[in-house]
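Asker: Starting from these lines, generate the structure:
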Amino acid sequence: QVQLVESGGGTVQSGGSLSVSCAASGLTFSRYTMGWFRQTPGKEREFVAAITWNGGGRTYYADSVKGRAAISRDNAKNTVNLTMSSLNPEDTAVYYCAANRFGSGNYYLSTSYDYWGQGTQVTVSS
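Answerer: This is a model prediction of the structure:
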């Protein structure tokens, strides 16, 4: 049974930083491209960042977070982390971890991902 469990969400002041983590189990983690998405009420799930399973872990970021976000993975611990800085209220959302076997499809499309976590709330106060 595949499980993705996010942690690290919370409330942070505008301009601050926050890290969220995802622990994966029940899958061969090293064969999965891992992504982070976020969603606010009434909006579609939005791509934030991804790190590939191959090629040394290539990273990709949405324009909205480029330069403020860093995604990393630890295949030995089956974890993927997302750190964001210079946070603003527009970053407030539920952040979801997702796994895409062998990086099939497009990394920025939620439909390309096979498994999802339950999400963790990140709130940025102004």
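Asker: hang on, Q1 packs against G26?
Answerer: Yes. Q1 is within contact range of G26, at 5.0 Å (criterion: CB atoms under 8 Å). Quick note: C-beta positions are derived from backbone N, CA and C, even for glycine.
Asker: more neighbours, these two?
Answerer: G26 (11 against 5; other CB atoms under 10 Å).
Asker: where along this protein do the strands fall?
Answerer: 3-7, 10-13, 18-25, 32-39, 46-51, 59-61, 69-74, 79-84, 93-101, 115-116, 120-125 (DSSP state E).
Asker: how about a markdown table for those, with mean pLDDT, distance to Y107 and mean neighbour count added?
Answerer: Putting these into a markdown table (pLDDT from 0 to 100; distance: least, CB to CB, whole Å; neighbours: other CB atoms under 10 Å) gives the following:
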| stretch | mean pLDDT | distance to Y107 | mean neighbour count |
| --- | --- | --- | --- |
| strand 3-7 | 97 | 16 | 17 |
| strand 10-13 | 97 | 26 | 12 |
| strand 18-25 | 97 | 15 | 19 |
| strand 32-39 | 98 | 6 | 25 |
| strand 46-51 | 98 | 4 | 23 |
| strand 59-61 | 98 | 6 | 17 |
| strand 69-74 | 98 | 11 | 18 |
| strand 79-84 | 98 | 13 | 22 |
| strand 93-101 | 98 | 7 | 22 |
| strand 115-116 | 98 | 15 | 17 |
| strand 120-125 | 97 | 20 | 16 |
